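have a look at this prediction, sequence included:
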Amino acid sequence: MVVRVLDKVLFAVLFIITLQVPILADHYRQYLSGYYDALRDEITTSTNMAKNHGFTSVDAMLDSLQQNSEAVVRENAKLKAERFAQMATVEQGIRKLEHGHYFEKLAFIASPSHYHTLTRVLDNYRPSVPLTPSSIVFSLITAILLNLLMWTPHFCYCQIKHIKSKPKRFSYK
């Protein structure tokens, strides 16, 4: 009796937690999209600046700035080069969050390299319930599988205990 109640409570908790994955992935994608827009604006500004000052490309301008005698100018050029490198990573993350399945999204969000971004997203996150059928089906199936995975050792133990307690029947030949 108690085990059945615990099973139902555990399933309800797992279902509520798994319902948060699609919502969290959407919030994370929105956060990355805002960051992407800011990076794109900065890159556009740097590209225009390079054209206005006669450089053939942004890389040529950054190389020139890194050769400058002032440390602050060299450091600024280094930071701009890092921003250009981040652009590809952010684009890849947005694509994965827009077109990947929920397990890919969860793996991307939960990876240790994205922990800092996840904490920022979680600061503004409020639990809710997704309204799309695919989100609900994903959550239901995942919660069922996790529930089965967690209760399997208990059910196996009970089954073994039940088999051992059965009286043995002897056959006479």
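Sure, I can see it. All values derive from a computational prediction rather than experimental measurement. Residues are numbered from 1 along each chain as shown.

go ahead and flag the most central residue of the chain.
I109 (1.4 Å; CA atoms, centre = their mean).

quick check, that one in contact with Y28.
Yes - if you go by CB atoms under 8 Å, I109 and Y28 touch, sitting 5.3 Å apart. No exception for glycine: its C-beta is placed from N, CA and C like everyone else's.

mutual contacts of the two, please.
L97, L118 (CB atoms under 8 Å, 6 or more residues apart in numbering).

what's the burial count for V21?
Neighbours of V21 under the rule other CB atoms under 10 Å: 20.

from A60, how far off is it?
To A60, V21 is 45 Å away according to CB to CB, to the nearest Å.

and F15, by the same measure?
56 Å.

helix, strand, or coil at the nearest residue to F11 once chain neighbours are set aside?
Sequence neighbours aside, N147 is the residue nearest to F11 in space, at 4.7 Å (criterion: CB to CB, 6 or more residues apart in numbering). Look at N147: counting by DSSP: H, G, I helix; E, B strand; the rest coil, its state is helix.

give me the neighbour count for N147.
18.

quick one: it and L62, what's the gap?
N147 is 54 Å from L62, by CB to CB.

by mean pLDDT, flag the weakest helix or strand of the chain.
Least confident helix or strand, the chain: helix 133-165 with a mean of 86, by mean pLDDT, DSSP states H and E.

what residues sit buried inside that helix?
For helix 133-165, a neighbour-count test (16 or more other CB atoms under 10 Å) marks S135, I136, F138, S139, T142, A143, L146, N147, W151 as buried.

swap in stretch 89-96?
V90, G93, I94, K96.

and that stretch, what's its mean pLDDT?
For stretch 89-96, mean pLDDT rounds to 92.

try stretch 47-65
On average, stretch 47-65 scores 89.

now what about that stretch, what contacts it?
Residues contacting stretch 47-65 (CB under 8 Å, 6+ apart): I43, S46, V73, R74, N76, A77, K80, A81, F84.

the fourth one and N68 touch, don't they?
Put plainly, it is R74. Yes - when contacts are counted by CB under 8 Å, R74 is listed as touching N68 (5.8 Å).

let me see the ranges of the helices in the chain.
2-52, 58-66, 71-99, 102-110, 115-123, 133-165 (DSSP state H).

just checking, what packs against the last one?
Yep, that's helix 133-165 we're talking about. Where contact means 3 or more CB pairs under 8 Å, 6 or more residues apart in numbering; DSSP states H and E, helix 133-165 is packed against helix 2-52, helix 102-110.
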